[in-house]
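Student: how would this look folded up:
(2 chains)
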Amino acid sequence: MNDLLNSLIELIRRTSAEIPDDVQQAILASLEQEKKGTIAQSALQIIQRNIEMARQKSQPICQDTGSVLFYVDCPKGFDQIAFGEAAREAVRQATKKGYLRQNSVDSITGANDGTNVGPGAPTLHFHQHNSPEVRVRLILKGGGCENVGAQYSLPVEKLKADRDLDGCRKVVLDAVLQAQGKGCGPGVLGVCIGGDRATGYGLSKEQLLRTLPDRNPNPALDSLEQDILKTANELGIGPMGFGGKTTLLGVKIGAVNRVPASYFVSVSYMCWAFRRQGVMLDTTGRIERWLY
Amino acid sequence: MIKLTTPFSEDKIRALKVGDAVEITGTMFTGRDAVHKYLAKGGALPDGVSLRDGIIYHCGPVVLKEEGGWRVVAAGPTTSIREEPYQAGIIKQFGLRGVIGKGGMGDRTLDACRENGCVYFHAIGGAAQVLAECIKSVRNVYFLEKFGSPEAIWEFEVEDFPVVVTMDSNGNSLHREVFAASQAELAKRV
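Tutor: The predicted model follows:
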């Protein structure tokens, strides 16, 4: 239990304080792109300096350490209950050390007991697989970007979005337009076409587990991802909504089946402070390697 | 780069324009969702908190208790638009000259800025370490028990805190401009 607990605290620390390599590359590339002397450029310079400081001080990149979302790929017979207990204790301790903000509020009373643990917090998703490997991935998803996610029910008449991939394109771009800088762009979109209201949103976040440079194996979705990314970056929203060339760093789209009556497009917006990390654990719970 | 120190005079604030890069030195008080609703519903400011000619910073910092005081671990801005229902009234009632946040605010706040001599200063979202470094000390905290740490009123002494004016006291808003321009660009592409 101790090894697992320590591994999870370290996973939380690193996720909170160190931006993953793929996101760092994308931010540096967009810094190169922005016009010199603009407030868009200076925003990205401050972002870059912030990334370096957070890593050096082992302190949160962003003070909104967000919802703590664990995704665990585990073998048959894995003890999910014990894992859940370790995860909750890791969150408590990471909060005491300042790796996480005291971020969990009772929705009925408004009380914040400071532990960061409560009903629904942290969130644990378990996916059982035919492999002995235990992979634990973590996303810290801030509230600001969460608030600019959106779920569309097609057709959407005012956007002329019908029930097809072109309709999906229109509503996803609408979500980017409405978000402006409020999600702390340049952001990354996770999108799910299909599902119900719950699974649609849930799976849209799982798209954020993909790496930025990866390509969608489905050609229609790959083409849609590339097109939306390019188009979004032509809108001129820019970092923080200051106007500029980089509005999105990536678009990741998945699709699942739907019932005939429903056609949901669920869009999760992730901020530039894309805190996503993962570890492969050995049988004692120690970290074997990092996943990003 | 314009350097300003609190308390702010009306003249200095009215001279600011959208796009100006400013560094702020002096005192700021944090206040976000719980505080805005509380004040708007008639709640009184605690003794020791004065917003007149000063700043409210939309921020829920990460602060650790240490020997003899507090250490700010992370302190970037939160999204301001949630306070739109309350901000104009608070600017007017308490004489605020600066609101710091991110993502911008709406027309009611913009009008209150023009009427009262106030501006919206945009801090870089997620720059929690850069901004925490500008916070030289925590003078006090109010409503810690009542609202919890992220929603409390933290009193910070800051030095050269970097912000950009995105809504000035003359009715100009970068957010309105960028929205209109991006909307027009999108219309050409769908």
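Student: residues making contact with the longest helix seen in chain B?
Tutor: Using DSSP state H, we find that the single longest helix of chain B is helix B:174-187. By C-beta atoms under 8 Å, 6 or more residues apart in numbering or on different chains, the surrounding residues in contact with helix B:174-187 are A:173-174, A:177, A:180-181, A:231, A:234-238, A:241-243, B:18-19, B:103-105, B:110, B:122, B:166-167. Where you see a C-beta, it was placed from the backbone N, CA and C, and this is true even at glycine.
Student: can you do 6 Å?
Tutor: Contact with helix B:174-187 is made by A:Leu173, A:Leu177, A:Gln180, A:Leu235, A:Gly236, A:Ile237, A:Gly241, A:Gly243, B:Val18, B:Gly104, B:Thr166, as judged by C-beta atoms under 6 Å, 6 or more residues apart in numbering or on different chains.
Student: Give the helix, strand or coil label for the residue located most distally from the centre of chain A.
Tutor: Largest separation from the mean C-alpha position in chain A: A:Gly37, at 30.3 Å (C-alpha atoms, centre = their mean). Under DSSP: H, G, I helix; E, B strand; the rest coil, the three-state class of A:Gly37 is coil.
Student: and it, backbone torsions?
Tutor: Dihedral angles of A:Gly37 (phi, psi; degrees, to the nearest 10) stand at phi 80, psi 0.
Student: Tell me the residues on chain B that lie near chain A, please.
Tutor: Contact residues, chain B versus chain A (C-beta under 6 Å from any C-beta of the partner chain): B:61-62, B:64, B:73-76, B:79, B:103, B:124-130, B:148-149, B:164, B:178-179, B:181-182, B:185-186, B:189-190.
Student: Tell me the buried residues within those residues.
Tutor: B:61-62, B:73-76, B:79, B:103, B:124-130, B:148-149, B:164, B:178-179, B:182, B:186 (16 or more other C-beta atoms under 10 Å in any protein chain shown).
Student: And the pLDDT for the closest residue to chain B within chain A?
Tutor: Relative to chain B, the nearest point of chain A is A:Asn112 (3.0 Å; C-beta to the nearest C-beta). Listed pLDDT for A:Asn112 reads 95.
Student: Relative to A:Leu31, how far out is it?
Tutor: Noted for A:Asn112: a distance of 36 Å to A:Leu31, by C-beta to C-beta, to the nearest Å.
Student: who's more crowded, those two?
Tutor: Set A:Asn112 next to A:Leu31 and count neighbours by other C-beta atoms under 10 Å in any protein chain shown: A:Asn112 wins out with 20 against 17.
Student: So A:Asn47, which state does it fall into?
Tutor: If you look again at residue A:47, you'll see it is Ile, not Asn. helix.
Student: burial count for it?
Tutor: For A:Ile47, using other C-beta under 10 Å, the count is 25.
Student: who are the neighbours in contact with the residue in chain B that chain A sits nearest to?
Tutor: Residue nearest to chain A within chain B: B:Gly148 (3.0 Å; C-beta to the nearest C-beta). Listed by C-beta under 6 Å, 6+ apart, the contact set of B:Gly148 reads A:Asn112.
Student: measure B:Ile124 to B:Arg176 for me?
Tutor: 20 Å.
Student: ok now the helix or strand containing A:Arg135, how far from the chain's centre?
Tutor: Using DSSP states H and E, A:Arg135 sits in strand A:134-141. Distance, stretch centre to chain centre, for strand A:134-141: 10 Å (C-alpha atoms, centre = their mean, to the nearest Å).
Student: which ones among the residues of chain B next to chain A are found in helices?
Tutor: Per DSSP H, the residues of chain B next to chain A map to helices at B:Ala128, B:Gln129, B:Val130, B:Val178, B:Phe179, B:Ala181, B:Ser182, B:Glu185, B:Leu186.
Student: Next, format those residues as JSON lines and append pLDDT.
Tutor: Shown next, in JSON lines, are those (pLDDT from 0 to 100):
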{"residue": "B:Ala128", "pLDDT": "97"}
{"residue": "B:Gln129", "pLDDT": "97"}
{"residue": "B:Val130", "pLDDT": "98"}
{"residue": "B:Val178", "pLDDT": "98"}
{"residue": "B:Phe179", "pLDDT": "98"}
{"residue": "B:Ala181", "pLDDT": "98"}
{"residue": "B:Ser182", "pLDDT": "98"}
{"residue": "B:Glu185", "pLDDT": "98"}
{"residue": "B:Leu186", "pLDDT": "98"}
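Student: what bits of chain B have low per-residue confidence?
Tutor: The model of chain B has no residue with pLDDT under 70.
Student: So for A:Leu5, what's the nearest residue that isn't a sequence neighbour?
Tutor: Nearest residue to A:Leu5, sequence neighbours excluded (C-beta to C-beta, 6 or more residues apart in numbering or on different chains): A:Ala86, at 5.1 Å.
Student: for the one you found, what are its contacts?
Tutor: For A:Ala86, the contact set (C-beta under 6 Å, 6+ apart) comprises A:Leu4, A:Leu5, A:Leu8.
Student: Can I take it that the second one is in a helix?
Tutor: Yes: the assignment for A:Leu5 by three-state DSSP puts it in a helix.
Student: burial of it, as a residue count?
Tutor: Neighbour number of A:Leu5 under other C-beta under 10 Å is 16.
Student: Any idea what the residue nearest to the spatial centre of chain B is bridged to?
Tutor: Centroid-nearest residue in chain B: B:Ile100, 2.0 Å away (criterion: C-alpha atoms, centre = their mean). Taking DSSP bridges as the rule, B:Ile100 bridges to B:Tyr57, B:Phe121.
Student: Would you agree it is in contact with B:Tyr57?
Tutor: Yes: at 4.4 Å, B:Ile100 counts as touching B:Tyr57 under the criterion of C-beta atoms under 6 Å.
Student: what about chain A, any weak spots by pLDDT?
Tutor: A:1.
Student: With just CA atoms, put stretch A:139-149 into PDB.
Tutor: Taking Å, rounded to 0.1, in the frame of the first residue of the first chain, the C-alpha atoms of stretch A:139-149 are listed here in PDB:
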ATOM      1  CA  ILE A 139      -5.700  14.500 -15.900                       C
ATOM      2  CA  LEU A 140      -6.000  17.600 -13.800                       C
ATOM      3  CA  LYS A 141      -8.800  19.500 -15.600                       C
ATOM      4  CA  GLY A 142      -9.300  23.000 -14.400                       C
ATOM      5  CA  GLY A 143     -12.700  24.500 -13.900                       C
ATOM      6  CA  GLY A 144     -12.200  27.500 -16.200                       C
ATOM      7  CA  CYS A 145     -11.800  25.300 -19.300                       C
ATOM      8  CA  GLU A 146     -14.400  22.800 -18.100                       C
ATOM      9  CA  ASN A 147     -16.900  25.700 -18.100                       C
ATOM     10  CA  VAL A 148     -16.400  26.300 -21.800                       C
ATOM     11  CA  GLY A 149     -17.100  22.700 -22.800                       C
END
